[in-house]
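**Student:** this is a predicted model, with the sequence first.
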Amino acid sequence: MQPSYAELHALSTFSFLRGASHPEELVARASLLGYTALALTDECTVSGVVRAHVAAKNTTLKLIIGSEFVFEDGGKLVLLAASRRGYARLCALITQARRRALKGRYCLRLADFAAQPMTDCLAIMLPGATASGVAQPGWPGDALPRLKACFPGALWIAVEQLKGADDARSFAQSLALATATGLPAVATGHVLMHEKRRKPLQDVLTAIRLRKPLAELGLDARPNAEQAMRPINAIADLYPPELMAETLTIADRCRFSLDELRYE
């Protein structure tokens, strides 16, 4: 029997020059592959969620609304709206971050969570951090206790298996961090495209973002096409069952739908 899986970290073309697939394509592919749920988590925006929502209404796929953030003081996080109040908090945070910076950019700090508690949002800490092609420092030393205080019972450690040269070390580090902190670990795919044949387009987007000729991308290009949506059985070959089961636990806690919104 095929295991169940929810993808909790997926970027579309609304993550400018990063995602290589439209929201509708991600939804259609996730539904075709039998995913239980899909979280659209474009970087500091929810601009693509209406398209995803409309597409998902024609499927049995559960759509989760979220966003990815890279912090000015280091670290990278995915936030998911668990309720209508969580969605409002998420939108307010995006507005705050965008208003601080020039158009097309944003600025967010860990301290912003203390000033504006993210009630009814779930958080997933991501390994590494890259925004707009610029390498960011790792998480600051005091990040975990601060995030645990801001997201009591609602914080996870992401584990990515993308068949890269560093997979084994990254996998071990993520699990060790989860064990040391008492936080649950969860499987994520860091999806940038709905299918593998979009890899050449994703490379072109990377070249444009970095202002480099395509032939000179080198290690800046993705090493493979594993950041496409993968069949569930292929995912199950890479992740322990408990990490896949945790995706369903998170998806079950996210109960917000755009259908709840009305003009007032």
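**Tutor:** On my side now, so go ahead.

**Student:** packing partners for the longest strand seen in the chain?
**Tutor:** When the chain is parsed with DSSP state E, its longest strand is strand 62-70. When contacts are defined as 3 or more C-beta pairs under 8 Å, 6 or more residues apart in numbering; DSSP states H and E, strand 62-70 sits against strand 6-10, strand 37-40, helix 49-56, strand 76-81, helix 84-99. C-beta coordinates here come from the backbone N, C-alpha and C atoms, glycine included.

**Student:** at 6 Å instead, please
**Tutor:** Under the contact definition 3 or more C-beta pairs under 6 Å, 6 or more residues apart in numbering; DSSP states H and E, strand 62-70 sits against strand 37-40, helix 49-56, strand 76-81.

**Student:** quick one, strands of the stretch 151-264 of the chain?
**Tutor:** 155-160, 185-188 (DSSP state E, counting those that start in this stretch).

**Student:** any idea which of those is most buried?
**Tutor:** strand 185-188 (a mean of 26; mean count of other C-beta atoms under 10 Å).

**Student:** contact partners of that strand?
**Tutor:** Identification of contacts with strand 185-188 by C-beta atoms under 6 Å, 6 or more residues apart in numbering yields 8-9, 156-160, 175, 178, 239, 243-244, 246-247.

**Student:** check stretch 150-162 too.
**Tutor:** Contacts of stretch 150-162 (C-beta under 6 Å, 6+ apart): 113, 122-126, 147-148, 167, 174, 177-178, 183-188, 190, 226, 238, 243.

**Student:** dump the residue contacts of residue 31.
**Tutor:** Applying C-beta under 6 Å, 6+ apart, the residues near residue 31 are 59, 61.

**Student:** one more time with 10 Å
**Tutor:** 38, 55, 56, 58, 59, 60, 61 (C-beta atoms under 10 Å, 6 or more residues apart in numbering).

**Student:** make CSV out of these and add pLDDT, neighbour count and distance to residue 83.
**Tutor:** As requested, the contacts of residue 31 are exported to CSV (pLDDT from 0 to 100; neighbours: other C-beta atoms under 10 Å; distance: C-beta to C-beta, whole Å):
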residue, pLDDT, neighbour count, distance to residue 83
38, 98, 28, 18
55, 98, 20, 22
56, 98, 26, 18
58, 92, 11, 24
59, 97, 15, 22
60, 96, 9, 22
61, 98, 24, 19
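
**Student:** which of these sit farthest apart?
**Tutor:** Spatial extent of the contacts of residue 31 (C-beta to C-beta) is set by the pair 38 and 58 at 13.7 Å.

**Student:** returning to what we had before: deepest of the helices and strands packed on strand 62-70, which one?
**Tutor:** Among the helices and strands packed on strand 62-70, strand 37-40 has the highest mean neighbour count (mean count of other C-beta under 10 Å), at a mean of 28.

**Student:** who does it pair up with?
**Tutor:** Neighbouring strands of strand 37-40 in its sheet, by DSSP bridges, are strand 6-10 (parallel), strand 62-70 (parallel).

**Student:** now the ones you listed as JSON lines including mean pLDDT and mean neighbour count?
**Tutor:** Putting the strands paired with strand 37-40 into JSON lines (pLDDT from 0 to 100; neighbours: other C-beta atoms under 10 Å) gives the following:
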{"stretch": "strand 6-10", "mean pLDDT": "98", "mean neighbour count": "28"}
{"stretch": "strand 62-70", "mean pLDDT": "97", "mean neighbour count": "24"}
